[in-house]
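> Just to be clear, the model below is a prediction. Sequence and coordinates:
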Amino acid sequence: MNLRARALASLAAFAFAGCAQSATSGGGTSGRHHWTLPGHLRIGMSDEPDNLNPMFAHTDATDQIDALIFAPVFRYDQHGEFVPELATVVPTYANGGISKDSRTIVLHWRHGVRWADGAPLTARDLRFTWRAVVDKRNSTKALYGWDDVERIDVPDDYTAVVHLKRPNADVLGIFGSGGSAYPPLPEHLLGKLPDLNRADFNAHPLSSGPWILQEWKHGSGFEFAPNPNYWRGAPKLQRLSVKIVPDPDSLFSELATHDVDTISNVDERLVPRLASIAGLHTEKHLIANWRRLAVNCSRPALADVRVRLALAEGIDWDHLNATVYHGYNLRSTSDIPPDSWAAPRVPFYRHDPHDAQRLLSAAGWLPGPDGVRRKDGAPLALTISATNKPGNEQAEVQMQQEVRPLGIALSIKNYPASYLFAQDGPLYSGKYDLEWSIDTNGPDPDNQGNWSGDFVPPKGANTSFLRDPEITALSDAALRTFDRAKRKALYQREETRIHKLVPTVFFYWENALTAYNDDLHGYKPAEYITDNWNSWEWSI
């Protein structure tokens, strides 16, 4: 989620309408490039997992590795739709998998699934996992969704009946990947341990997915072998390596010298150099990261919606996107991805500095002798904060210059990410005015935690501190049904209300560029969570 500088020439160089391909350099009689290792794929990554048991892991790197090792109940495809994995079908009202009162979910388990050691993997492993997740002896990183489960009945090895305390449409997500989703864990291996916090499994997991972890070379990478007991059959590849290279320039060099075959989300600063590398396929695609200007609605000056709307109208967002961000990403109007089934229709805020000045005057903020507006003797002085990542301050300076003619004195105060987003940092403690950052979505459109008055810190992540009863009710109602048509209508109303109240200005959806050896087949970069969702189909 970092911001990278890039040249406008990068867009012209690639014309990434969907994907592009550079010139190739021929190989041997097989038709492959001479640098391609037949049957052996080498993935480049910048980060290393902190744990391989997702119950205790806090990094995106864990999601990437675990997608290779574990079989979840459902996978997400490249568009964020569920693909049955351990379950044979995605439950719905129509197929009887979800009860009419939305409080019971039936999961039909796939027959013949086995762990890598040959032990059966059944619905009982799912029940064990739920019990482990909610067990207070385990330091589970997040309970969201799991704590809505009242019990899981297992009438036989191939049926799990999930009883919910109350309807929660996002609960299916806990059976997927990423966030608070955890795959079934092996009861036969872990069931007798007092807790899982220090289990050897956390660094040496037993595989249920396409790949068996052979070696974790801490600080440098991973080696994997095909899992012959994977229910789909062994992957097409014979070997898979993951190389950890923290420095983006060094990682790019590994790609340029063909020491790795693929990199997800190439640093935008380096995109123009891709044209000079032979034998690469490149794909620009939307990912579920969105940038926004967050507004602290609890601050006295910003509690008035007219001041918030004046900020939205007073800044030329299209110009900011075209200059600082070189038009690389897709302008946004909501926190629901534009290609989601729940995507609302919400207009952009118009750029109208004159109306912005009218709004400020109507709110009682009148021009002062120094050009800064005042109300009851106090200046309209605000602070904007971001992380110290390169590029953030450039955007903040441009916003600072644009609001000054409106009579707003905007100062910049940035922080390390570890402090800005800490529970006791400026964002969650409410000690900020405006904040410029990127957030990430899962495939489900549930955004209750961001906007509901019930989730204002310390109870949640509503760091706009907006307490609007209508948004609170709409976001909750959208979560209490699995009916997509009803949910879409509720999210349309919710996002319309958010647009009206301006607790944030949505700026863009992030585009990512994936580059990979064009000898690689079956590789499908994904919008959500991980590009490793279909590794059993890859071949090279």
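Good, I have the coordinates. Numbers count the residues shown, from 1 in each chain.

> What separation do you get for Leu406 and Leu309?
12 Å (CB to CB, to the nearest Å). No exception for glycine: its C-beta is placed from N, CA and C like everyone else's.

> Overlap of the contact sets of those two?
Shared contacts of Leu406 and Leu309, defined by CB atoms under 8 Å, 6 or more residues apart in numbering, comprise Ala356.

> Which strands and helices lie in contact with the helix or strand where Met399 lies?
Per DSSP states H and E: Met399 is located in helix 392-403. Where contact means 3 or more CB pairs under 8 Å, 6 or more residues apart in numbering; DSSP states H and E, helix 392-403 is packed against helix 305-314, helix 317-323, strand 381-385, strand 409-412, strand 434-440.

> Out of those, which is the most enclosed?
Stretch with highest mean neighbour count among these: helix 305-314 (a mean of 23; mean count of other CB atoms under 10 Å).

> what angle do that one and strand 434-440 make?
70 degrees (axes from the mean of the first three to the mean of the last three CA atoms, to 10 degrees).

> How about the secondary structure of Thr514?
Assigned with DSSP: H, G, I helix; E, B strand; the rest coil, Thr514 falls in the strand class.

> Check the gap between the residue nearest to the spatial centre of the chain and Gly179 for me.
Nearest to the mean C-alpha position of the chain, by CA atoms, centre = their mean, lies Thr440 at 3.7 Å. Distance of Thr440 to Gly179, computed by CB to CB: 9 Å.

> any weak-confidence spans in the chain?
1-30 (pLDDT under 70).

> Please tell me I have it right and the residue nearest to the centre of the chain contacts Arg291.
No: Thr440 is beyond contact range of Arg291, at 10.8 Å (criterion: CB atoms under 8 Å).

> hang on, Trp509 in a strand?
Yes: counting by three-state DSSP, Trp509 falls inside a strand.

> Report the beta-bridge partner residues of it.
Trp290, Leu330 (DSSP bridges).

> Run through the residues that contact it.
Contacts of Trp509 (CB under 8 Å, 6+ apart): Leu286, Ile287, Ala288, Asn289, Trp290, Asn329, Leu330, Arg331, Ser332, Pro337, Pro338.

> could you redo the last one with a cut-off of 7 Å?
Applying CB atoms under 7 Å, 6 or more residues apart in numbering to Trp509 gives the contacts Leu286, Trp290, Asn329, Leu330, Ser332, Pro337, Pro338.

> what's the answer for Asp117, then?
With CB under 7 Å, 6+ apart, Asp117 has these contacts: Leu206.

> Tell me how far it lies from Arg374.
Taking CB to CB, one finds Asp117 at 72 Å from Arg374.

> Over to Pro210?
From Pro210 to Arg374 the distance is 64 Å (CB to CB).

> now Asp352
Applying CB to CB to Asp352 and Arg374 gives a distance of 23 Å.

> more neighbours, the two?
Arg374 (17 against 14; other CB atoms under 10 Å).

> Pretty sure that one sits against Pro367.
No: between Arg374 and Pro367 there is no contact under CB atoms under 7 Å: 8.0 Å.

> how about the helices in the protein?
Listed in chain order, the helices of the chain (DSSP state H) span 9-14, 60-69, 123-134, 187-190, 248-256, 305-314, 317-323, 353-362, 392-403, 417-420, 426-429, 448-451, 469-479, 484-501.
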